[in-house]
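Enquirer: Dropping a prediction and its sequence here:
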Protein chains: 2
Amino acid sequence: MAGTDKTKPRATGVGPAIVLVEPQLGENIGMAARAMLNCGLTELRLVNPRDGWPSEAALNAASGADSVIAGARLFDSARDAVADLASVFATTARERDMTKRFVTPRQAAAEIRGFAAGGGRTGVLFGKEAKGLKNDDLALADACIVAPLNPAFRSLNLAQAVFVVGYEWFMAGSGAPASELRMPKETRPASKAELAGLFGHLERELDASGFLHVKEKQPVMVRNLRNMLQRAGLTEQEVRTFRGVITSLVSGFGHRRKKP
Amino acid sequence: MAGTDKTKPRATGVGPAIVLVEPQLGENIGMAARAMLNCGLTELRLVNPRDGWPSEAALNAASGADSVIAGARLFDSARDAVADLASVFATTARERDMTKRFVTPRQAAAEIRGFAAGGGRTGVLFGKEAKGLKNDDLALADACIVAPLNPAFRSLNLAQAVFVVGYEWFMAGSGAPASELRMPKETRPASKAELAGLFGHLERELDASGFLHVKEKQPVMVRNLRNMLQRAGLTEQEVRTFRGVITSLVSGFGHRRKKP
């Protein structure tokens, strides 16, 4: 899904801060930063990155999300990193022997947006690649986020974990239509009258050519053809093209029809 | 989100085949395979991978999703790769000058599951990392999937693009509860009677200690305290712990109360 387009609506609202606790590889921090910016998230907080900071590897892996890397803030502990936030989620895939509310990323997104509407800032904690968050870090959080994925192979890489939280946050505010017929600027969806014109044209020619010669089958055949063409969701341009196709097949496009 | 747990429900149904068209880096194929298996997808098809196949880099990056790599099938063209499928989606982020239905990953997931219920197999095409799919590949598809993300930074890496399709497919079938209070096996949510016992205990002691001495404020203070504790969603164990805390604060846990 390469490419960028500035014409589409942005998700609105202030997104959660992304807090990476003791991330190990700079490359993973960079990929997480890219995933953040894909989802319109810009605030990255790092707690004791193992390989130091700033990180050349992080910048390279960010693939252009340099602003997220440049704006990253360092903290000595997860507690310090969430001190100014009013709502904190922790991500985990492992079961933990503690009493905690677990939510899907989709539910978390709804709650983060609801909380922001009331003026509250949220942060989401992600643990180190190999082991995830410590139980003490989980105790900083109001709830845990767990993506309900393949239970036999649930280990997401760090960037995927960040992405799924950011993606749901963006989706919850994007208002994007689920399904949309897009077309070149110079055309538009055909009107029902234009479609009826096409149907009439086709059916007259099929009648003349003998295709509809069994009278009792005619209504059902006509209905099937109309359903088939209706499903295609034709544009005005395509209706004209299709009528040209019919005319061409019938008349040889003004020339004598060639033998096949 | 590291970790694996075999106790949770799987998403049911046959997932879409993932078709990578001319992928460039073996590492990206491997990360895509891992993302697939995270989402319960197992059928990988490769059209002319640039760096050849099999690929050591792919196997390394798959982080354990070896079965997906081992089962990958090679094709000479996207057309061949989708020949046995009845429904095809193409992924893109760029606007294309063609008339096509565009759907979100979430909508695609619903359609893939609907199509599978009718017996139809679906495949999803992903283009090469740098440029995405060619327009001729898009013409093989019934519709395009586009993730409605940050329009100013929409370029997903290949594994993320695969992941967002797989994640939505899995979510559409997982039936996971959006929010769930989890707790250690040996406890359970407190009953309302147990909670009422705690409230009574606390309020009696507060009354005795003078905290509730302004009679006209008593009802609203009691209500606020009850709301606060109610929101915590206490377990039976936590109610007992809390009552122990009250007793300890009042009596010095059986000993003479120490001066602060």
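Expert: In hand now; what should we look at?

Enquirer: Are the host helix or strand of residue A:88 and chain B in contact anywhere?
Expert: In the assignment (DSSP states H and E), residue A:88 maps to strand A:87-91. Yes: under the criterion of CB under 8 Å from any CB of the partner chain, strand A:87-91 makes contact with chain B via residue A:91. Yep, even glycine has a C-beta here, placed from its N, CA and C like the rest.

Enquirer: which outside residues touch the helix or strand just after that strand?
Expert: Reading on from strand A:87-91 to the C-terminus, the next helix or strand found by DSSP H and E is strand A:100-103. Contact with strand A:100-103 is made by A:89, A:111, A:138, A:141-146, B:178-183, B:233, as judged by CB atoms under 8 Å, 6 or more residues apart in numbering or on different chains.

Enquirer: so which of those is the most crowded?
Expert: With neighbours taken as other CB atoms under 10 Å in any protein chain shown, the top of those is residue A:145, carrying 28 neighbours.

Enquirer: now that residue: how far from residue A:247?
Expert: 60 Å (CB to CB, to the nearest Å).

Enquirer: State the mean pLDDT of whichever strand or helix holds residue A:241.
Expert: Secondary structure assignment for residue A:241, by DSSP H and E: helix A:236-251. Averaged over helix A:236-251, pLDDT sits at 91.

Enquirer: Who are the packing partners of that helix?
Expert: Counting contacts by 3 or more CB pairs under 8 Å, 6 or more residues apart in numbering or on different chains; DSSP states H and E, helix A:236-251 packs against helix A:192-209.

Enquirer: buried set for the helix it packs on?
Expert: Neighbour counts using 16 or more other CB atoms under 10 Å in any protein chain shown place A:194-195, A:198, A:201-203, A:205-206 of helix A:192-209 among the buried residues.

Enquirer: ditto for stretch A:18-27
Expert: Of all the residues in stretch A:18-27, those buried under the rule 16+ other CB under 10 Å are A:18-27.

Enquirer: hmm, which two among those are most spread apart?
Expert: Based on CB to CB, the longest span within these runs between A:19 and A:27 and measures 18.6 Å.

Enquirer: Show me the domain layout of chain A.
Expert: Per automatic domain parsing, the structural domains of chain A span A:17-171, A:192-258.

Enquirer: Low-confidence stretches in the stretch 51-200 of chain A?
Expert: Judged against pLDDT under 70, the stretch 51-200 of chain A has no low-scoring part.

Enquirer: how about the strands in it?
Expert: When secondary structure is read from DSSP state E, counting those that start in this stretch, the stretch 51-200 of chain A shows strands at A:73-75, A:87-91, A:100-103, A:122-126, A:143-145, A:179-182.

Enquirer: the inter-axis angle of the fourth one versus strand A:87-91?
Expert: With axes from the mean of the first three to the mean of the last three CA atoms, to 10 degrees as the basis, strand A:122-126 and strand A:87-91 are set at 20 degrees to each other.

Enquirer: For residue A:257, give me the pLDDT.
Expert: pLDDT recorded at residue A:257 is 50.

Enquirer: same thing with residue A:1?
Expert: Looking at residue A:1, the pLDDT reads 46.

Enquirer: hmm, stretch A:138-147 in reach of chain B?
Expert: Yes: interface with chain B: stretch A:138-147 contributes A:143, A:146-147 (CB under 8 Å from any CB).

Enquirer: contacts for that stretch?
Expert: Outside stretch A:138-147, the residues within contact range by CB under 8 Å, 6+ apart are A:78-79, A:82, A:87-93, A:96, A:98, A:100-105, A:108, A:111, A:124-125, A:154, A:156, A:161, A:164-165, B:1, B:167, B:179.

Enquirer: Compute the distance between residue A:73 and residue B:164, please.
Expert: Distance from residue A:73 to residue B:164, by CB to CB: 28 Å.

Enquirer: which of the two has more neighbours?
Expert: Between residue A:73 and residue B:164, counted using other CB under 10 Å, the more crowded position is residue B:164 (29 against 13).

Enquirer: if we can go back for a sec, okay, buried residues for the helix holding residue A:241 please.
Expert: Under the neighbour-count criterion of 16+ other CB under 10 Å, helix A:236-251 has A:236, A:238-240, A:242 buried.

Enquirer: Over to stretch A:85-95?
Expert: Using 16+ other CB under 10 Å as the test for burial, stretch A:85-95 gives A:85, A:87-94.

Enquirer: Any idea how far apart the tips of it sit?
Expert: Start-to-end span of stretch A:85-95 (CA to CA, to the nearest Å) is 25 Å.

Enquirer: Pull up the residues of the stretch 151-260 of chain A that are close to chain B.
Expert: A:151-157, A:159-161, A:163-164, A:167, A:170-171, A:174, A:176-184, A:187, A:233, A:235, A:237-238.

Enquirer: Show me which of the buried residues of stretch A:18-27 is closest to residue B:220.
Expert: Distance ranking of the buried residues of stretch A:18-27 against residue B:220, using CB to CB, places residue A:19 first at 37.4 Å.

Enquirer: Assign that closest one to helix, strand or coil.
Expert: Per DSSP: H, G, I helix; E, B strand; the rest coil, the secondary structure class of residue A:19 is strand.

Enquirer: Residue A:72 versus that one, what's the distance?
Expert: Counting by CB to CB, the separation of residue A:19 from residue A:72 is 11 Å.

Enquirer: Now do the shared contacts for those two.
Expert: A:45-46.

Enquirer: Please tell me how far stretch A:198-210 is from the chain's geometric centre.
Expert: Computed by CA atoms, centre = their mean, to the nearest Å, the chain-centroid distance of stretch A:198-210 equals 44 Å.

Enquirer: ok, back up a step: redo the buried residues of stretch A:18-27 as TSV? Include distance to chain B and pLDDT.
Expert: Formatted as TSV, those follow (distance: CB to the nearest CB, whole Å; pLDDT from 0 to 100):
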residue	distance to chain B	pLDDT
A:18	14	98
A:19	14	98
A:20	13	98
A:21	13	98
A:22	13	97
A:23	13	97
A:24	12	96
A:25	13	96
A:26	16	97
A:27	11	96
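
Enquirer: Identify the residues contacting residue A:209.
Expert: residue A:250.
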